[in-house]
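Novice: Would you be able to build a 3D model of this:
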Amino acid sequence: MKRTGVLISATVALLLGLTGLAHAADKVSANDFAEEASAKGIAEIETSKLALEKGSHAEVKKFAQTMIDDHTRANDELKALAKKNNLELSDGADLMNKAKAMILQVRDGENFDKAYANNQVVAHEQAIELYQKAAASDDAEVSAWAKKTLPKLEHHLEMAKELQNQTRQ
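Specialist: Numbers count the residues shown, from 1 in each chain. Coordinates of the predicted model:
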């Protein structure tokens, strides 16, 4: 089990480094945005379903249900935008988010709650960065949708930080 934890940690560290290189630009193409945003949305839904199962605090479960509802709605809107503009969507979470989900799966109880809350803060910070880049996109529809969605993600980040504080106690 200890070896698995070290392997997962090393994989996440490598992926974090690679992700930093991928996000160096101030803008993102419409297609890259659609693919990355859909993968992040799927990851949000998957980890939040896990939180409904494994979470021990009522606030964690309440937050998780909100994430499932809001990100399902956002993914549906993104699907319609992608279909209209012939953009590719991801059919699953990206590799880094799969690694984060693996880490969550080996945790239980309050340990899970803390890890989930921390994961949500980081995930929403990364999503906000992506959506800000998309807001500067040359594609007017993608830019408009990203700008419209950003306030919801910023609110999610505030909620995640509050959840993080609640699970530390």
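Novice: and the residue nearest to Trp145 when sequence neighbours are not counted, how many neighbours?
Specialist: With Cβ to Cβ, 6 or more residues apart in numbering as the measure, Leu81 is the residue that lies nearest to Trp145, at 5.6 Å, once sequence neighbours are left out. To be clear about C-beta, it is placed using only N, CA and C from the backbone, and glycine gets the same treatment. Leu81: 21 surrounding residues under other Cβ atoms under 10 Å.
Novice: Name the helix or strand for Leu81, please.
Specialist: Taking DSSP states H and E as the definition, Leu81 sits inside helix 58-85.
Novice: try Glu154
Specialist: helix 140-168.
Novice: What are the buried residues along that helix?
Specialist: By 16 or more other Cβ atoms under 10 Å, the buried positions in helix 140-168 come out as 142-143, 145-146, 149-150, 153, 156-157, 159-160, 163-164, 167.
Novice: got any ranges where this structure has weak pLDDT?
Specialist: In the predicted model, the chain carries pLDDT under 70 at residues 1-25, 93-107, 169.
Novice: one more time with 80, if that's ok
Specialist: Regions of the chain meeting the criterion pLDDT under 80 cover residues 1-25, 92-109, 169.
Novice: Could you dump the buried residues of helix 140-168 into JSON lines and include distance to Asn75?
Specialist: Output for the buried residues of helix 140-168, formatted as JSON lines (distance: Cβ to Cβ, whole Å):
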{"residue": "Val142", "distance to Asn75": "15"}
{"residue": "Ser143", "distance to Asn75": "19"}
{"residue": "Trp145", "distance to Asn75": "12"}
{"residue": "Ala146", "distance to Asn75": "14"}
{"residue": "Thr149", "distance to Asn75": "11"}
{"residue": "Leu150", "distance to Asn75": "16"}
{"residue": "Leu153", "distance to Asn75": "13"}
{"residue": "His156", "distance to Asn75": "14"}
{"residue": "Leu157", "distance to Asn75": "18"}
{"residue": "Met159", "distance to Asn75": "19"}
{"residue": "Ala160", "distance to Asn75": "18"}
{"residue": "Leu163", "distance to Asn75": "22"}
{"residue": "Gln164", "distance to Asn75": "24"}
{"residue": "Thr167", "distance to Asn75": "26"}
